[in-house]
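Visitor: I'll drop the sequence and a predicted model, then ask my questions.
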Amino acid sequence: RKEVEQDPGPFNVPEGATVAFNCTYSNSASQSFFWYRQDCRKEPKLLMSVYSSGNEDGRFTAQLNRASQYISLLIRDSKLSDSATYLCVVKDAGNMLTFGGGTRLMVKP
Amino acid sequence: GAVVSQHPSWVICKSGTSVKIECRSLDFQATTMFWYRQFPKQSLMLMATSNEGSKATYEQGVEKDKFLINHASLTLSTLTVTSAHPEDSSFYICSAPQTGTYEQYFGPGTRLTVT
């Protein structure tokens, strides 16, 4: 079983749609959680951290459920520029990051 | 935000040769840096943790004699792929956590093609 699992997609959605990505992690001792965005042939860039209370940044909402070891990302009003691969990332007590396989999003006009 | 650079951004080499990739933290010091490898359509896989002034820690399955890591200063880590083979062709990315923050800063990556 992978440490961090994501549906690889691709998710093909029209502009303006709302799309949700899910992620599960296996290490219950994980400390911090993030969503990164990676464009083709580029390095990952931090999109947002994920907190148990849920957090929102513009059109993006992230949620963490520690009991279920489940993380989600909701994108509202999708833009063409949101097309990318979204990586669920878990950090342990040190600085080690474990990446999920990524979920590919394609937003169509 | 903090900046991490990598050099070169793209390299093509012949089988059997060695390639050195540099990772630099430009405006902060990093006692630890991480080296990842990403094959097409796959996620980033941690190869090793580079520690300033001491030996690197390698992940299971990563050959330390093939992927030589040197973290000689607080702002520079190098990864040398020795005796490269076509299966070493990949996207190599480094990252560095900035002390006092939770965020890791990624370099732009180095695309290695071994012919």
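Guide: It's in.
Visitor: Determine the set of other helices and strands touching the helix or strand hosting residue B:113.
Guide: Following DSSP states H and E, one finds residue B:113 within strand B:110-114. Helices and strands touching strand B:110-114, by 3 or more Cβ pairs under 8 Å, 6 or more residues apart in numbering or on different chains; DSSP states H and E, are strand B:10-13, strand B:19-25, strand B:90-97. Placement of C-beta: from N, CA and C, glycine included.
Visitor: of those, which approaches chain A most closely?
Guide: Smallest distance to chain A across the helices and strands packed on strand B:110-114 (Cβ to the nearest Cβ): 4.5 Å, for strand B:90-97.
Visitor: what mean pLDDT does the next helix or strand after the closest one have?
Guide: Using DSSP H and E, the helix or strand that follows strand B:90-97 in sequence is strand B:104-106. Strand B:104-106 comes out with an average pLDDT of 88.
Visitor: and what of stretch A:41-61?
Guide: If you average the pLDDT values across stretch A:41-61, you get 91.
Visitor: Report the buried residues of that stretch.
Guide: A:43-44, A:46-50, A:60-61 (16 or more other Cβ atoms under 10 Å in any protein chain shown).
Visitor: and chain B, which of those reach it?
Guide: The residues of the buried residues of stretch A:41-61 that also fall near chain B, by Cβ under 8 Å from any Cβ of the partner chain, are A:43-44, A:46, A:49.
Visitor: what's residue A:49 in contact with, if anything?
Guide: A:32-34, A:55, A:62, B:102 (Cβ atoms under 8 Å, 6 or more residues apart in numbering or on different chains).
Visitor: Would you mind listing which of those residues are buried?
Guide: Taking 16+ other Cβ under 10 Å as the criterion, what is buried in the contacts of residue A:49 is A:32-34, A:62.
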